[in-house]
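Q: got a structure for you, letters missing:
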C-alpha cells in the first residue's frame with residue numbers, strides 16, 4: 001500500500017464567523033476561537049482570518065482568501081444572529097460545500113446574547129429559495145461529535161471535488177448479459193464530472209507481452225509475501241504479473257484514477273492467465289480496479305477509497321443465511337491484500353472456473369465495513385449505502401471471501417436488493433463512513449437507497 005493511502009491527507013476548510021455588533025461580540029469571539037481550535041486539533045487546515053465578519057465588506061475581505069483554494073468545505077459559523085445576506089453572499093462567491101454551524105445558548109432568564117440558531121434558520125430559508133444546497137449543524141463549538149460531522153462533510157466535499165477531474169479507464173466491453181456493468185459515459189460526465197477513457201483489450205495484451213520478460217524483481221518481491229507462489233505454473237503467474245505492470249503503466253500514462261477491466265474470457269483464452277491477481281495488486285496500490293468492465297463499480301471503489309483513505313473491494317453477494325443472520329461476499333481473487341485476515345495470510349491460487357493462476361486467496365479480516373454502490377437500477381443514478389461487521393471466519397469459498405453481518409437483518413437486505421433490482425457488484429471498505437456518503441449524495445443531488 002502506498003504512503004498516500006496509509007493516512008488521509010489534511011482536510012482544508014474555509015472558515016468564516018458571522019456576527020452582528022448588537023449582540024454579545026465578546027462571547028461570539030470566544031465561540032469562534034473555540035470552534036477554530038477544535039477543528040485545528042482534529043487536523044483541519046483552516047483558510048480564512050480568525051476574526052468576526054460583522055458586515056458584507058468584512059465578509060468579502062475574509063472570503064478573498066478562498067479564491068483559488070481547493071476547499072473541501074466552507075464553514076459559516078453563526079457566532080451571532082445575522083440576516084441571510086451573509087450566507088447568500090458566501091454561496092455566490094464560493095463553490096465549496098457550505099456548512100452553517102449554529103451554537104446552543106444557555107437559558108439564563110436574561111439577555112439572548114447570540115441568537116445563533118435563528119440566524120441559520122433565516123439563512124436556510126433564503127438558500128432554499130435560491131436552490132442552493134447546504135449542510136447545517138447545531139452544537140457547541142468544541143463538541144467532539146460536531147467535529148466528527150464536519151470531518152465527514154469535508155471528506156465528502158473532497159470526494160466531490162476530485163470526481164470533477166477524475167478519469168476512469170475502461171478496458172474492453174462488459175460481458176454479454178451483464179447489464180449491471182453497463183457504461184453510460186455521458187451521464188457520468190454530466191452528473192459527476194468524470195471523464196471516461198476507452199482502451200481495447202489488445203492494447204493491454206501487447207503491453208503485457210512486451211514486459212513479460214522483465215518482471216523478475218516483482219515476482220521475487222511478491223514471493224516474499226505469498227509463500228506458495230513458486231508452486232504455481234510459472235508462465236501463467238508471470239503473465240498475471242505482466243498484466244499488473246501493463247495496467248499500471250497504462251493508468252499512469254493516461255492519468256486514470258481507476259480502471260474497469262473486462263477480465264474474462266480473453267485474459268484466459270488469449271493471454272493464458274488470470275487478470276484477478278493483477279487487479280488485487282492494483283487495488284492494494286491504491287488504483288481501484290473493477291472487474292467485468294463495471295465502470296460504476298470501479299467509481300464506487302474510488303469514492304470509498306477517497307473517503308476512507310483505504311483501498312476498496314468490488315465484490316458479489318453470493319450466499320445468505322437467515323438463521324445465522326450473515327452473508328458471504330466473494331470474488332475470484334482481486335481484493336486488496338491489506339484486507340486479508342492476518343491469521344490466515346494470503347495464498348496464490350487458481351481461478352475457480354478457468355483453473356489458471358494467478359488469483360489471491362484469503363479470508364477478509366474482521367472489522368467494521370461500509371458498503372456502497374453507484375446504481376442506475378432506478379433509472380437515474382443513486383447511491384446505495386450500507387454498513388455491517390465483517391466476522392472472523394475461515395474462507396467460505398476459494399478466492400477472496402468474507403462473512404458479513406449487515407446492520408439490518410440479512411433477509412431484509414436481500415429483499416431490498418431483489419425488489420429494487422440492484423446490481424450484482426457492491427463495493428466495501430473498512431471503517432464507518434456512512435455519514436460522509438450521505439453528505440456526498442446530498443452534494444451531488446443524488447437519491448439514496450439505504451441498506452443500513
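A: Structure received. This one's a predicted model, so the numbers in the text were calculated from it and none came from an experiment. Residues are numbered from 1 along each chain as shown.

Q: give me the element residue 26 is part of.
A: If you go by DSSP states H and E, residue 26 is part of helix 25-41.

Q: mean confidence for that helix?
A: Averaging pLDDT along helix 25-41 gives 98.

Q: Pull the contacting residues for residue 93.
A: By CB atoms under 8 Å, 6 or more residues apart in numbering, residue 93 lies in contact with 60, 63, 66. Yep, even glycine has a C-beta here, placed from its N, CA and C like the rest.

Q: Please point out which parts of the helix holding residue 26 sit buried.
A: 25, 27-29, 31-32, 34-36, 38-39 (16 or more other CB atoms under 10 Å).

Q: how close does the most centrally placed residue in the chain get to residue 142?
A: Nearest to the mean C-alpha position of the chain, counting by CA atoms, centre = their mean, stands residue 304 at 2.1 Å. Using CB to CB, to the nearest Å, one obtains 30 Å as the distance from residue 304 to residue 142.

Q: Just say helix, strand or coil for residue 249.
A: helix (DSSP: H, G, I helix; E, B strand; the rest coil).

Q: Buried residues of the one helix or strand residue 369 maps to, list them for me.
A: Using DSSP H and E, residue 369 maps to strand 367-378. Under the neighbour-count criterion of 16+ other CB under 10 Å, strand 367-378 has 369-377 buried.

Q: just stretch 426-437 next, same as before
A: 426-431, 433-437.

Q: sorry, back to before: would you report the backbone torsion angles of the residue nearest to the centre of the chain?
A: phi -60, psi -40 (degrees, to the nearest 10).

Q: what's the answer for residue 186, then?
A: With angles defined as degrees, to the nearest 10, residue 186 sits at phi -60, psi -40.

Q: which residues of the stretch 351-452 of the chain fall in helices?
A: Secondary structure of the stretch 351-452 of the chain, counting by DSSP state H, counting those that start in this stretch: helices at 410-420, 434-443.

Q: could you give the mean pLDDT of the shortest one?
A: What it means is helix 434-443. Mean pLDDT, helix 434-443: 98.

Q: list the contacts for the closest residue to residue 395 other than its chain neighbours?
A: Among residues not flanking residue 395 along the chain, residue 363 sits closest, at 4.5 Å (CB to CB, 6 or more residues apart in numbering). Contacts for residue 363 (CB under 8 Å, 6+ apart) come out as 340-341, 344, 393-396, 400-402.

Q: give me that answer again for 10 Å
A: 339-341, 343-346, 390-396, 400-403 (CB atoms under 10 Å, 6 or more residues apart in numbering).

Q: out of those residues, which are buried?
A: 339-341, 346, 390, 393, 395-396, 400-403.

Q: For those residues, work out which two are farthest apart.
A: 346 and 403 (17.8 Å; CB to CB).

Q: What is the end-to-end distance of stretch 56-72?
A: Using CA to CA, to the nearest Å, the end-to-end distance of stretch 56-72 comes to 23 Å.

Q: Same question for stretch 121-135.
A: End-to-end span of stretch 121-135 (CA to CA): 12 Å.

Q: what separates stretch 280-297 from the chain centre, distance-wise?
A: Put simply, stretch 280-297 sits 13 Å off its chain's centre (CA atoms, centre = their mean, to the nearest Å).

Q: likewise stretch 117-131?
A: That offset, for stretch 117-131, works out to 29 Å (CA atoms, centre = their mean).

Q: Pull the residues that contact it.
A: Outside stretch 117-131, the residues that touch it by CB under 10 Å, 6+ apart are 18-20, 23, 76-88, 90-92, 98-105, 112, 132-134, 136-138.

Q: Residue 234 - how many residues pack around it?
A: By other CB atoms under 10 Å, the residues close to residue 234 number 11.

Q: same check, this time on residue 305
A: Neighbourhood size, residue 305 [other CB under 10 Å]: 23.

Q: same deal with residue 334?
A: Counted with other CB under 10 Å, the neighbours of residue 334 add up to 28.

Q: Then residue 226?
A: 22.

Q: any chance you could map the strands in the stretch 301-450 of the chain?
A: Counting by DSSP state E, counting those that start in this stretch, the stretch 301-450 of the chain has strands at residues 313-321, 326-331, 347-349, 359-363, 367-378, 380-391, 400-406, 425-430, 448-450.

Q: Redo those as a markdown table? Include mean pLDDT and distance to residue 199.
A: Formatted as a markdown table, the strands of the stretch 301-450 of the chain follow (pLDDT from 0 to 100; distance: least, CB to CB, whole Å):
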| stretch | mean pLDDT | distance to residue 199 |
| --- | --- | --- |
| strand 313-321 | 98 | 19 |
| strand 326-331 | 97 | 22 |
| strand 347-349 | 96 | 27 |
| strand 359-363 | 97 | 23 |
| strand 367-378 | 96 | 21 |
| strand 380-391 | 97 | 24 |
| strand 400-406 | 98 | 25 |
| strand 425-430 | 98 | 20 |
| strand 448-450 | 98 | 32 |
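
Q: Now render these as a markdown table, adding distance to residue 157.
A: Converted to a markdown table, these look like this (distance: least, CB to CB, whole Å):
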| stretch | distance to residue 157 |
| --- | --- |
| strand 313-321 | 24 |
| strand 326-331 | 29 |
| strand 347-349 | 40 |
| strand 359-363 | 34 |
| strand 367-378 | 17 |
| strand 380-391 | 15 |
| strand 400-406 | 28 |
| strand 425-430 | 18 |
| strand 448-450 | 17 |
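
Q: closest to residue 10 out of the ones you listed?
A: Among those, strand 425-430 comes nearest to residue 10, with 20.1 Å by CB to CB.
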